[in-house]
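Peer 1: Sequence and predicted structure are below.
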Amino acid sequence: MNKGKIAVRYSKALFELALEKNVVDEIYNDLIFITDSIGSYSNFMNLFNNVIITKEEKLKILSRAFEGKIHEITWNFLWFLIEKQRDNQLYEIFLSFKNFYRKYKNIKLVVLTTAHPLSEKLKNEISEIFTKGLNANIELKTEINCNLLGGAIVRIDNKQLDLSVSTQLNELKKVLKSKVYTKDL
């Protein structure tokens, strides 16, 4: 079975349990806390991918890092993943859980790529526009790509709209190359 299907199955089970126990927001916040913590320490992720480290050692490390700081369901889920030797898929499982959460809360992920950083005021205005236009809550992420020259690339879930200057120039270049122009005498 491939990693994607496994991640979806485990995350769906966790999500359904969180719904049943009415702790969806708490579990989501725990997962954000854990992924932020893991992301802060590159060696932390190696812990889950290392087959030499025993289950007991992994649990001791996780216990020192997270026990008492996360919901009991989240802690039991981490323990379960280690027991089933699925801890190497932790990140994918958490990403899948985030997708279930966003769908449940009607949150659209909007990724806005620009050539230069945006002010907080402009980010807020953009979020308001998308909130009204999509009739959904917006989670806005911004990225910088210096190669854009100007304009923006907008990704909403799995759809993309490329309004960058560099793409428009490339399109114009294609059109100009495809046309044969003759000089009138």
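Peer 2: Yep, that arrived. Numbering: from 1, shown residues only.
Peer 1: rest of the way, CA atoms for contacts and neighbours
Peer 2: Fine.
Peer 1: what's the domain layout of this protein?
Peer 2: Listed by automatic domain parsing, the domain ranges of the chain are 3-103, 106-178.
Peer 1: Quick one: end-to-end distance for the last one.
Peer 2: Distance between the two ends of domain 106-178: 44 Å, counting by Cα to Cα, to the nearest Å.
Peer 1: let's have the chain start at 9 instead
Peer 2: Done: numbering now begins at 9, and the last item shifts to domain 114-186.
Peer 1: Show the average pLDDT along that domain.
Peer 2: For domain 114-186, mean pLDDT rounds to 89.
Peer 1: re earlier: I'd like a version of the domains of the chain in CSV, one that adds mean neighbour count as further columns.
Peer 2: As requested, the domains of the chain are exported to CSV (neighbours: other Cα atoms under 10 Å):
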stretch, mean neighbour count
domain 11-111, 16
domain 114-186, 15
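Peer 1: For the closest residue to residue 122 other than its chain neighbours, give me its contacts.
Peer 2: Closest residue to residue 122 apart from its sequence neighbours, by Cα to Cα, 6 or more residues apart in numbering: residue 160 at 4.7 Å. Contacts for residue 160 (Cα atoms under 8 Å, 6 or more residues apart in numbering) come out as 120-123, 170-173.
Peer 1: what's the farthest-apart pair in the residues you listed?
Peer 2: The two members of these with the most space between them (Cα to Cα) are 120 and 173, at 14.4 Å.
Peer 1: returning to that earlier point: so can I have CSV of the contacts of residue 160 showing distance to residue 76?
Peer 2: Below are these laid out as CSV (distance: Cα to Cα, whole Å):
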residue, distance to residue 76
120, 36
121, 38
122, 40
123, 42
170, 45
171, 47
172, 47
173, 50
